[in-house]
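*Asks:* test case, fold it:
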Amino acid sequence: MSLLDDVSIVVTPNGYKAGTLFGAIPVPTEGSNVVVNGDFTTDSDWTKGTGWTISGGTANCDGTQTGTTSLTPALNNVVNNVTYIVEYTISNYTSGSISIKLGNTGYGVVRSANGTYTEEIKALATTFPRSQINADASFIGSIDNISVKEYTSADMDVTRATAATRVDENGLVNYAEVLGDSALTGNNSNFDTGIGSWVTYIGGSLAHDTDKLEVTLLATGSGTRINTNSLISGGQVGKTFKVRAKIWQGTTTATSLNIYLGSVQKVITISSTPTYFEVELTPTSTAYLTIYRGSSSGGTFFIDDVTVKEVTRDNVPRIDYTGGGCPHILAEPQRTNLIPYSEAFGSWHTLNNVTITQDTTETTSPSGTNNASKILVSSASTPRRLFEVISTSSGSDYTFTLYAKKGTTDFIRVYFSSSIIDISFDLTNGTKTVTAGTGSIESVGNDWYRIQGTGTSSLTTEVPQIQLSNSASVNDYLYIWGSQLEEGSYATSYIPTSGSTVTRNQDQFTRDGIGSLINSTEGVLFTEIASLSESGNYRELGLSDGTTSNRVLISYKSTDNVIRGSFQGSGGANLEYTVTSSKDFHKIAVKWKVNDFSLWVDGVEVGSDTSGSSFPANTLNSINFNSGSGGDIFYGKVKQLQVYKTALTDTQLAALTS
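*Replies:* Prediction:
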């Protein structure tokens with residue numbers, strides 16, 4: 001028998017969207033519509049509050065209500081703590097707002113426009129299950145085609161509400177993000193048959209050249225500006241867009257162009273080689289896409305394959321490939337990069353013995369772009385260093401990280417003026433010499449290393465410094481990128497900054513309302529995980545009823561490298577095992593059944609308890625990357641998580657965890 005015959009939930013680094021990590025098993029299914037007469041073919045089966053009538057195949061609210069008014073189906077088949085897919089249509093909208101509610105606290109999104117809306121809602125009721133439409137005192141409009149269908153899925157809900165970086169499948173550091181469709185269509189994008197709606201806003205001329213746009217620049221005057229129709233609406237102001245285009249010189253000698261969305265712009269450097277450029281812009285007002293040459297130069301240049309795509313980064317789960325091989329889900333605590341300029345090292349303080357070249361074209365950074373800085377020894381005088389002054393808290397741990405690559409010199413020192421961190425790194429051999437604090441050096445490819453130092457501050461101001469070798473010759477150099485100083489005893493993923501500190505919120509993963517996928521009386525929870533540090537607070541994940549009263553957990557304890565399997569319900573058991581390093585991936589399984597509890601790690605049973613009762617039927621109904629009630633959040637890496645509805649045999653558990 002295959003293990004897959006018994007598995008009921010499988011969560012892996014699979015597909016995702018903003019706010020959701022898709023589960024692999026089970027395939028999402030929707031039940032039948034629990035709402036009777038959701039298409040309002042008759043004036044029946046609904047309890048109508050003030051202002052509501054049913055006629056013409058819709059439910060209509062006329063605004064005569066003086067407060068919130070509800071439309072409630074007479075037959076309420078909604079089940080408490082179950083997740084539903086809800087869909088309904090608003091038409092004839094005039095004013096006010098409306099939302100659907102399952103139970104008495106399971107609220108949907110408030111809507112105030114015509115349209116068909118689909119959302120996922122968990123029914124929550126303290127006294128009775130019900131579904132209803134709630135309209136505010138101002139709502140005037142019609143409702144139709146209401147469906148409420150039970151949704152069975154292991155998709156995890158993801159919450160972070162900020163952007164965050166990860167290492168992608170190519171080993172590059174970039175944001176976890178979801179791109180929308182291009183706001184440009186047809187000839188506004190590819191110029192296959194014409195110039196579309198592009199126009200010359202200031203000077204110059206446009207022509208279609210086979211499959212591209214030819215731009216002729218003014219030879220005299222203040223410059224040339226071209227743009228397309230307005231594409232950033234008021235509702236999109238403040239959102240980030242990626243503008244991508246292939247641009248190259250024709251007969252012009254001009255090498256720089258400005259790409260704008262509204263008043264926000266980036267400068268690019270073009271050549272005679274057709275090159276794809278990608279810039280990120282966040283417009284502050286409704287905007288045109290504009291390409292501008294700010295000084296007269298004459299001649300021509302070409303544009304092709306233009307896209308403008310909205311970027312979503314908040315709540316996007318991070319599928320991380322750090323270390324290569326199979327990816328993992330990355331879950332980290334909230335951290336703040338206290339370095340205000342993480343890449344613009346020209347904004348750091350220097351002691352006038354180094355020269356900084358930002359965005360050097362001599363190498364690509366760990367992000368895969370030409371945004372690294374070249375640090376060159378410019379004087380025989382010493383020291384050769386750059387530094388920042390950072391406010392800190394006395395008694396707190398701080399971790400400094402930096403990406404560095406050798407040039408003609410391979411020595412770099414990370415030094416804090418308080419001497420809490422003093423570490424020298426060899427960028428040829430990937431080694432370190434620690435004088436103060438603790439440190440590490442990790443190869444990230446293309447001769448780049450991420451170097452790290454950690455220490456405990458005794459001051460309210462620290463001065464982290466990056467220093468080149470005192471014995472390096474004038475004109476010796478190396479490359480750096482991506483500096484970070486965060487309060488904490490270990491490093492987390494890179495947080496870019498560009499003029500101020502930036503905070504990345506904690507990652508949270510949950511899935512509830514899935515009691516049908518879990519057998520509370522017996523089963524197995526299996527994970528393949530690694531911790532971010534070998535010690536710290538409890539870091540737990542598992543199954544629960546949303547409280548700490550009934551739960552099955554796999555945990556890293558606060559004690560160094562201790563794994564714990566715990567079962568808490570009408571009975572209880574705690575099984576523990578110490579591994580060499582919890583930062584390494586381990587395959588861990590816990591089994592529960594009456595008088596049969598066990599903990600398995602890497603193919604071996606390492607703990608068991610043959611006395612104890614199991615959980616009452618239909619108790620466990622959620623997956624949590626925490627203690628079950630929100631505490632002791634799991635921070636670490638997850639390659640896979642599986643739930644089985646039967647207590648597997650020892651042979652099966654050995655195979656599963658090997």
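
*Asks:* okay, now Ile412: neighbour count?
*Replies:* Using other CB atoms under 10 Å, Ile412 has 23 other residues around it. Where you see a C-beta, it was placed from the backbone N, CA and C, and this is true even at glycine.

*Asks:* would you check that it makes contact with Gln467?
*Replies:* Yes. In this structure, Ile412 is within contact of Gln467 by CB atoms under 8 Å, at 7.2 Å.

*Asks:* and the host helix or strand of Ser555, what does it pack against?
*Replies:* Here Ser555 sits within strand 551-556, counting by DSSP states H and E. Here strand 551-556 touches strand 523-531, strand 539-544, strand 562-568, strand 586-592, going by 3 or more CB pairs under 8 Å, 6 or more residues apart in numbering; DSSP states H and E.

*Asks:* show me where the stretch 101-250 of the chain has helices.
*Replies:* Per DSSP state H, counting those that start in this stretch, the stretch 101-250 of the chain carries no helices over any range.

*Asks:* domain assignment for this structure?
*Replies:* Domain segmentation of the chain under automatic domain parsing yields 29-152, 181-312, 335-504, 508-657.

*Asks:* same list (those domains) but as JSON lines, adding distance to Ile329 and mean pLDDT.
*Replies:* As requested, the domains of the chain are exported to JSON lines (distance: least, CB to CB, whole Å; pLDDT from 0 to 100):
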{"stretch": "domain 29-152", "distance to Ile329": "20", "mean pLDDT": "91"}
{"stretch": "domain 181-312", "distance to Ile329": "18", "mean pLDDT": "90"}
{"stretch": "domain 335-504", "distance to Ile329": "13", "mean pLDDT": "96"}
{"stretch": "domain 508-657", "distance to Ile329": "4", "mean pLDDT": "94"}
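
*Asks:* between those, which one is closest to Gly325.
*Replies:* Set against Gly325 and scored by CB to CB, the domains of the chain come closest in domain 508-657, at 9.4 Å.

*Asks:* start to end distance for the closest one?
*Replies:* 25 Å (CA to CA, to the nearest Å).

*Asks:* and for stretch 222-238?
*Replies:* Across stretch 222-238, the terminal residues are separated by 30 Å (CA to CA).

*Asks:* just the buried residues of it, please?
*Replies:* For stretch 222-238, a neighbour-count test (16 or more other CB atoms under 10 Å) marks Gly223, Thr224, Arg225, Ile226, Asn227, Thr228, Leu231, Ile232, Gln236 as buried.

*Asks:* which residues touch Leu338?
*Replies:* By CB atoms under 8 Å, 6 or more residues apart in numbering, Leu338 lies in contact with Ile390, Ser391, Thr392, Leu485, Glu486, Glu487, Thr501.

*Asks:* before we move on, back to that, dump the buried residues of stretch 222-238 to CSV, plus distance to Thr253.
*Replies:* Formatted as CSV, those follow (distance: CB to CB, whole Å):
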residue, distance to Thr253
Gly223, 15
Thr224, 14
Arg225, 19
Ile226, 19
Asn227, 23
Thr228, 26
Leu231, 31
Ile232, 32
Gln236, 36
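
*Asks:* before we move on, the earlier item: out of the domains of the chain, the one nearest Thr162 is which?
*Replies:* Nearest of the domains of the chain (CB to CB): domain 335-504, 5.3 Å.

*Asks:* distance from the chain centre to that closest one, please.
*Replies:* 25 Å (CA atoms, centre = their mean, to the nearest Å).

*Asks:* center of this structure, which residue is that?
*Replies:* With distances taken as CA atoms, centre = their mean, Val316 lies nearest the centre of the chain, 3.3 Å away.

*Asks:* and that residue, how far from Ala163?
*Replies:* Val316 sits 8 Å away from Ala163, taking CB to CB, to the nearest Å as the criterion.

*Asks:* returning to what we had before: tell me which of the domains of the chain lies nearest to Asn170.
*Replies:* Closest among the domains of the chain, using CB to CB: domain 335-504, at 7.2 Å.

*Asks:* can you get me the start-to-end distance on that closest one?
*Replies:* 6 Å.

*Asks:* ok, now stretch 631-638?
*Replies:* 18 Å.

*Asks:* again with stretch 7-17
*Replies:* 24 Å.

*Asks:* ok, and the closest non-adjacent residue to Ser182?
*Replies:* What sits nearest to Ser182 in space, not counting adjacent residues and going by CB to CB, 6 or more residues apart in numbering, is Thr307, at 4.0 Å.

*Asks:* er, Thr610 actually
*Replies:* Sequence neighbours aside, Asn595 is the residue nearest to Thr610 in space, at 5.4 Å (criterion: CB to CB, 6+ apart).

*Asks:* just checking, the one you found touches Ser608?
*Replies:* No. Checked against CB under 8 Å, the pair Asn595 and Ser608 is beyond contact range at 10.5 Å.

*Asks:* surely Gly499 and Pro340 touch.
*Replies:* Yes. Between Gly499 and Pro340 there is a contact under CB under 8 Å: 5.9 Å.

*Asks:* count of neighbours near the residue nearest to Ser182?
*Replies:* So Thr307, with other CB under 10 Å, has 19 neighbours.

*Asks:* now swap in the one 4 residues further on and tell me
*Replies:* Val311 is surrounded by 18 other residues when neighbours are defined as other CB under 10 Å.

*Asks:* then the one 10 residues further on?
*Replies:* By the measure other CB under 10 Å, the count of residues near Tyr321 is 18.

*Asks:* circling back to that earlier point, which one of the contacts of Leu338 has the most neighbours?
*Replies:* Glu486 (25 neighbours).

*Asks:* in which helix or strand does that residue reside?
*Replies:* strand 477-487.

*Asks:* that strand: what's the following helix or strand?
*Replies:* Past strand 477-487, the next helix or strand by DSSP H and E is strand 502-504.

*Asks:* buried ones in that next one?
*Replies:* Val502, Arg504.

*Asks:* packing partners for it?
*Replies:* With contacts taken as 3+ CB pairs under 8 Å, 6+ apart, strand 502-504 sits against strand 335-337.

*Asks:* would you give the sheet partners of the strand it packs on, along with the direction of each?
*Replies:* Partner strands and pairing direction for strand 335-337 (DSSP bridges) are strand 502-504 (antiparallel).

*Asks:* got the angle between the helix or strand just after the strand it pairs with and strand 539-544?
*Replies:* Counting by DSSP H and E, the element after strand 502-504 in chain order, helix or strand, is strand 508-512. Going by axes from the mean of the first three to the mean of the last three CA atoms, to 10 degrees, strand 508-512 is angled at 10 degrees with respect to strand 539-544.

*Asks:* which helices and strands sit right next to strand 508-512?
*Replies:* Counting by 3+ CB pairs under 8 Å, 6+ apart, the packing neighbours recorded for strand 508-512 are strand 156-159, strand 328-331, strand 622-624.

*Asks:* show the contacting residues for Ile412.
*Replies:* Ile412 touches Leu402, Ala404, Ser424, Phe425, Leu427, Ile451, Ile466, Gln467, Leu468, Ser469, Leu478, Ile480, counting by CB under 8 Å, 6+ apart.

*Asks:* and if we set it to 6 Å?
*Replies:* Residues counted as contacts of Ile412 (CB atoms under 6 Å, 6 or more residues apart in numbering) are Ala404, Phe425.
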